[in-house]
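quick one: sequence plus predicted model below, questions after.
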Amino acid sequence: MDIDLKCGHCARTAGPDDRFCGGCGQPLAVSCAQCGHANSTEVNFCTGCGHPLRDHAVTVQEDRRQVSVLFVDIVDFTAYAERADPEQARGLQQTYFATVRRIVHQYGGVVEKYIGDAVMALFGAPVATDNDALRCVRAGLELQRNLARQPAGPQPALGFRVGIATGEALVDLSATRDGGQAFVTGDVVNTASRLQSLAPSGGVVVDETTWSATRHELEYADQPPVTLRGRSAVSRIWLAVRARPQREPHNTELTPMVDREHERGLLVNALHRMVNERTSQLVTVFGPAGVGKSRLLRELARHAGSLPGPPITWLVGQCPPFGENVTWAALTDIVKSWVGMPGADDPV
């Protein structure tokens, strides 16, 4: 029996064995051929009319993979709820959950479960990238900035703690996401929960694996080694501070550029035409990762710096694959460089 799998978010179709959209990572829906009702991929019969959806039962799809787990909770929420009006406490909790979901999704993660006033989020499943740990920590820092602005009403302002751990876990790729059902199992979950309890109010504490994967992109403050609850060995932890400013292009290259004379010539000609004719030039450089696009631009920057006459102002902007307002991120970087502002992660 053929079934129609379609993403309800981006309308992309998928194969019969897929459970999540390959484009946006959202859960797929099974359309009933009898009544057209959209069903979860975990059910074998339509919940609208009872018609069979497939010839074979759904099998659990499990995979071992490296993931980053984020725990965030409210400091002393029990005491706050005792003092506050129930409707006020409920409104604050709903706003808090909505903020966590929004930011986690912006950075490519999914909400795995809600535990009281704590939220567990996962990066690396069902869709994995090459920078899941970085996305996770950046999401934690963004959470602290946004949650700090959340109003607490007449009560004192609340604090939030974030703990992050990276490690191997068993992931059930067919499970419901965003708080519907647990789909990840492993010691990395327990580690993230323990780290969250050790984090200071307003802080993001990470384990050694996460620190090692992100220490070149983020600034950290070293913390005293601790023995996590239920463990016998001492663990090293770090407090995430901020994103590091973007590094300037290298002035020297350790290896010569090979077989890119034609592409370099096209860029140099466009640069000379811009300088001589005072006209703008638009050039698009694209290709698979690792073919030397960034190196080609660094070579052009060095050539621009060696031209006679007035110096050429060279400004660079980047659009990261995650976060908020990424459409204008490149323009923001260029303006910051132009006026001499630091290119760190602090809001402007």
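The structure has been received and is ready for your questions.

quick one: secondary structure of Arg264?
helix (DSSP: H, G, I helix; E, B strand; the rest coil).

what's the spacing between it and Thr284?
Distance, Arg264 to Thr284, using CB to CB, to the nearest Å: 15 Å. (Each C-beta comes from the backbone N, C-alpha and C, glycine too.)

and these two? Which one has more around it.
Neighbour totals were compared for Arg264 and Thr284, and Arg264 leads with 15 against 4 (other CB atoms under 10 Å).

look at that one and report its pLDDT.
pLDDT recorded at Arg264 is 90.

kindly report the same for Gln155.
pLDDT, Gln155: 66.

and the host helix or strand of Ile334, how far from the chain's centre?
Taking DSSP states H and E as the definition, Ile334 sits inside helix 329-339. Here helix 329-339 shows a centroid-to-chain-centroid distance of 22 Å under the convention CA atoms, centre = their mean, to the nearest Å.

same question for stretch 85-96.
Relative to its parent chain, stretch 85-96 has a centroid offset of 27 Å by CA atoms, centre = their mean.

list the buried residues for it?
Across stretch 85-96, burial judged by 16 or more other CB atoms under 10 Å covers Gln88, Ala89, Leu92, Gln93, Tyr96.

quick one: Gly292 and Asp259 touch, right?
No. The pair Gly292 and Asp259 does not pass the contact test of CB atoms under 8 Å, sitting 9.1 Å apart.

give me the common contacts of these two.
Counting by CB atoms under 8 Å, 6 or more residues apart in numbering, no residue touches both Gly292 and Asp259.

what about those two, which has more around it?
Gly292 (16 against 7).

residues in contact with the more buried one?
Residues in contact with Gly292, defined by CB under 8 Å, 6+ apart, are Met257, Arg260.

and it, what pLDDT?
pLDDT, Gly292: 85.

and it, how far from Ala301?
14 Å.

so which bits of the helix holding Ile334 are buried?
Neighbour-count burial for helix 329-339 [16+ other CB under 10 Å]: Thr332, Asp333, Lys336, Ser337.

what's whatever helix or strand Ala304 lives in packed up against?
Ala304 is part of helix 293-305, with elements assigned from DSSP H and E. With contacts defined as 3 or more CB pairs under 8 Å, 6 or more residues apart in numbering; DSSP states H and E, the secondary structure elements packing on helix 293-305 are helix 261-277.

what does the helix it packs on rub up against?
When contacts are defined by CB under 8 Å, 6+ apart, helix 261-277 is touched by residues 257, 279-281, 283, 285, 296-297, 299-300, 303-304, 307, 309, 312.

tell me where the chain has helices.
77-83, 86-106, 132-148, 187-198, 208-214, 261-277, 293-305, 329-339 (DSSP state H).

so which of the ones you listed is nearest Ser68?
Ser68 lies closest to helix 132-148 among the helices of the chain, at 3.8 Å (CB to CB).

and among the helices of the chain, the most buried is which?
Mean neighbour counts were compared across the helices of the chain using mean count of other CB atoms under 10 Å; the top stretch is helix 132-148, at a mean of 23.

let me know the average pLDDT across it.
Taken as a whole, helix 132-148 has a mean pLDDT of 94.

chain center to that helix: distance?
Put simply, helix 132-148 sits 8 Å off its chain's centre (CA atoms, centre = their mean).

that helix vs helix 187-198, what angle?
Using axes from the mean of the first three to the mean of the last three CA atoms, to 10 degrees, the inter-axis angle of helix 132-148 relative to helix 187-198 is 30 degrees.

the residue most central in space within the chain and Gly124: what is the separation?
With distances taken as CA atoms, centre = their mean, the chain has Tyr107 as the residue nearest its mean C-alpha position (2.7 Å). Distance, Tyr107 to Gly124, using CB to CB: 12 Å.

lovely, talk soon.
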